[in-house]
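1. pasting the sequence and the predicted coordinates here, then a few questions.
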Amino acid sequence: MKFRFKVTCCMIILMALCFGAGSSALISISFQNSLNQEKQSAQESYRMILNTLQVVNNLEQLSEKNDISKILEQLSSRGTFWAALQLHANTDTLYSQGTAVPYFIDLSSQIDNTHLASTIFSVSDTTYYLQLSGSFFVGKTIFLLDIAYDISSIYEARLQQQYTYRQIFLVLLAGCGFFSYILSYFLTRPLARLSRVSREIANGNYDYRSNIHSNDEIGAVSKDFDRMADHLKSSIEELHGTMDKQNLFIENFTHELKTPMTSIIGYADLLRSQALSGEDQTDAANYIFSEGKRLEHLSLKLLDIFVSEHGNITFTEACPADIIENFANHLKPRLALEHIGLEYECETGYCRLDTDLFGSLLVNLVENARKALPEGGCIQIGCTMSEEGCHVTVADNGRGIPAEALTHITEAFYRVDKARSRAQGGAGLGLTLCQKIAELHHGALFFESEETHGTTVTVTLNGGRT
């Protein structure tokens with residue numbers, strides 16, 4: 001059952017209970033008031049008759065039972081307020097008048113000197129009587145007088161009220177049902193829209209929104225639901241992006257493995273199956289060795305990336321200037337063989353670093369700069385301290401990076417110049433590792449480059465100051 005039908009049913013039931021209880025109580029109170037008024041009127045009439053008999057008794061000194069019967073007969077002939085009357089002494093009935101006399105109830109045991117006994121009896125389903133019974137003395141004889149008053153009109157009025165109540169109740173029930181449904185429809189329409197939004201999102205339509213604008217709880221739920229949908233869409237897009245990157249990574253990784261493995265297998269098969277000259281054997285062995293070193297270099301880079309993502313990072317107090325100076329002094333002789341200069345200028349200070357990852361960062365940044373330099377170029381390393389840690393810059397005056405490549409150079413296996421990078425032994429993982437190291441130090445990489453003028457890489461490391 002839909003919620004709007006539940007609301008409608010609840011409102012109908014509530015109206016029925018309230019109106020039914022209120023109307024029943026009103027009819028009951030009205031009936032009881034009318035009955036009490038009729039009883040009071042009947043008691044006054046009854047006492048008037050008793051007073052009349054007592055006055056006559058005092059004036060004429062009634063002594064015979066027939067005298068009282070004659071007085072009652074005379075009162076009846078003048079018009080009466082009662083429907084039936086019966087006078088009796090002991091077990092003798094002295095006078096009776098009216099068709100309801102046979103239905104009188106013996107109330108003699110309930111009569112005393114100060115109170116009248118009363119009861120209600122019915123002759124049929126539509127005829128009701130109020131019976132009053134009392135006693136009086138004539139001489140030493142006790143007389144009992146029973147009088148019945150017709151109160152059928154009171155019961156008829158109650159039946160008419162009940163009939164009118166049922167008619168009004170049915171009309172109100174229908175009206176309440178109609179207006180309750182209309183009201184519940186407008187109240188639950190936003191819920192139906194929210195339900196439709198959830199189905200649309202479940203079916204893959206992540207752009208669908210409820211857009212319910214109201215200042216109540218449903219409006220708040222709608223806003224929360226739309227925010228959840230926005231977050232879900234962002235998460236799914238991010239997940240798709242991650243999956244695309246993973247697929248591209250696997251594709252590039254497979255390609256990087258395929259080329260050297262094909263060469264290694266081919267030259268190994270050539271050495272195994274054919275007799276080669278000493279020079280050819282040396283060339284084949286050298287090629288196998290170089291391709292094997294390429295695979296070793298690739299596996300080490302991948303291992304470094306894995307360790308940086310999943311390994312335990314230990315921050316210790318260190319001086320970046322000392323690490324850079326030691327690194328540059330060991331690297332200068334090798335770069336000098338390629339006629340490449342190395343300069344450094346560092347600000348002294350201490351911060352929290354993972355020294356092993358910091359060393360890998362320097363190695364990869366300088367190695368990338370070296371590959372971009374022609375013979376006779378220069379690499380400059382700089383370091384300045386900050387409130388959160390330090391800033392490291394590595395600049396070269398090499399060929400530079402095209403603007404369209406700057407947003408992709410930290411992607412795994414991405415190369416600006418694929419032919420030159422492969423010839424130099426690169427796998428396109430160095431800057432990916434550098435970015436991971438910067439992120440682990442709560443920092444980032446920034447690139448400034450101009451083609452034919454060189455590149456500057458700035459790394460912010462925010463591991464903290466000591």
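-> Structure received.

2. where do the helices of the protein begin and end?
-> Counting by DSSP state H, the chain has helices at residues 3-60, 65-77, 152-202, 217-273, 278-310, 320-337, 355-371, 418-423, 430-440.

3. pLDDT below threshold where in the stretch 201-350 of the chain?
-> Applying pLDDT under 70 to the stretch 201-350 of the chain picks out residues 245, 247-260, 294, 297-312.

4. mean neighbour count added to the helices of the chain, as CSV?
-> For glycine as for every other residue, the C-beta is placed from the backbone atoms N, C-alpha and C. Converted to CSV, the helices of the chain look like this (neighbours: other C-beta atoms under 10 Å):
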stretch, mean neighbour count
helix 3-60, 14
helix 65-77, 15
helix 152-202, 14
helix 217-273, 13
helix 278-310, 14
helix 320-337, 15
helix 355-371, 20
helix 418-423, 13
helix 430-440, 21
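
5. turn those helices into CSV, including distance to I105.
-> Formatted as CSV, the helices of the chain follow (distance: least, C-beta to C-beta, whole Å):
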stretch, distance to I105
helix 3-60, 15
helix 65-77, 20
helix 152-202, 17
helix 217-273, 65
helix 278-310, 101
helix 320-337, 117
helix 355-371, 111
helix 418-423, 120
helix 430-440, 103
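
6. which one of those helices lies closest to V394?
-> With respect to V394, and counting by C-beta to C-beta, the nearest of the helices of the chain is helix 355-371 at 4.2 Å.

7. touching stretch 324-333 from outside, list them.
-> Contacts to stretch 324-333, defined as C-beta atoms under 8 Å, 6 or more residues apart in numbering, come from residues 342, 344, 346, 359, 362-363, 366, 381, 383, 392.

8. hmm, try it at 10 Å
-> 319, 335, 340-346, 358-359, 362-363, 366-367, 370, 379, 381-383, 392, 394 (C-beta atoms under 10 Å, 6 or more residues apart in numbering).

9. I12 and F5: what is the separation?
-> Distance from I12 to F5, counting by C-beta to C-beta, to the nearest Å: 10 Å.

10. again with S122
-> S122 sits 46 Å away from F5, going by C-beta to C-beta.

11. same check, this time on E411
-> 57 Å.

12. could you do T316 as well?
-> Going from T316 to F5 by C-beta to C-beta gives 69 Å.

13. please apply the same query to E38.
-> Counting by C-beta to C-beta, the separation of E38 from F5 is 48 Å.

14. dump the residue contacts of S386.
-> Here S386 is in contact with 347, 349, 351, 443, 460-462, 465 (C-beta under 10 Å, 6+ apart).

15. closest to A16 out of those?
-> Proximity of the contacts of S386 to A16 (C-beta to C-beta) peaks at N462, which lies at 70.1 Å.

16. what about that closest one, how many neighbours?
-> As a burial measure, N462 scores 18 neighbours (other C-beta atoms under 10 Å).

17. from the contacts of S386, which would you call buried?
-> 349, 351, 443, 460-462 (16 or more other C-beta atoms under 10 Å).

18. possible to save the residues you listed as CSV with distance to Y163?
-> Below are the buried ones among the contacts of S386 laid out as CSV (distance: C-beta to C-beta, whole Å):
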residue, distance to Y163
G349, 100
C351, 95
G443, 88
T460, 90
L461, 92
N462, 87
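
19. identify the farthest-apart pair in those.
-> By the measure C-beta to C-beta, G349 and G443 form the most distant pair in those, at 15.9 Å.

20. how much space between Q281 and L271?
-> Q281 sits 7 Å away from L271, going by C-beta to C-beta.

21. now G398. Nearest residue, chain neighbours left out?
-> Among residues not flanking G398 along the chain, A372 sits closest, at 3.5 Å (C-beta to C-beta, 6 or more residues apart in numbering).

22. ok, now Y208?
-> Per C-beta to C-beta, 6+ apart, closest to Y208 is E200, 3.9 Å.

23. surely that neighbour touches F225?
-> No - with contacts counted by C-beta atoms under 10 Å, E200 stays clear of F225, the gap being 11.8 Å.

24. what do the two both touch?
-> Common contacts of E200 and F225, defined by C-beta under 10 Å, 6+ apart, comprise 209-210.

25. quick one on the thing from earlier: please flag which of the buried ones among the contacts of S386 sit within strands.
-> In this view, these that belong to strands under DSSP state E are 351, 460-461.
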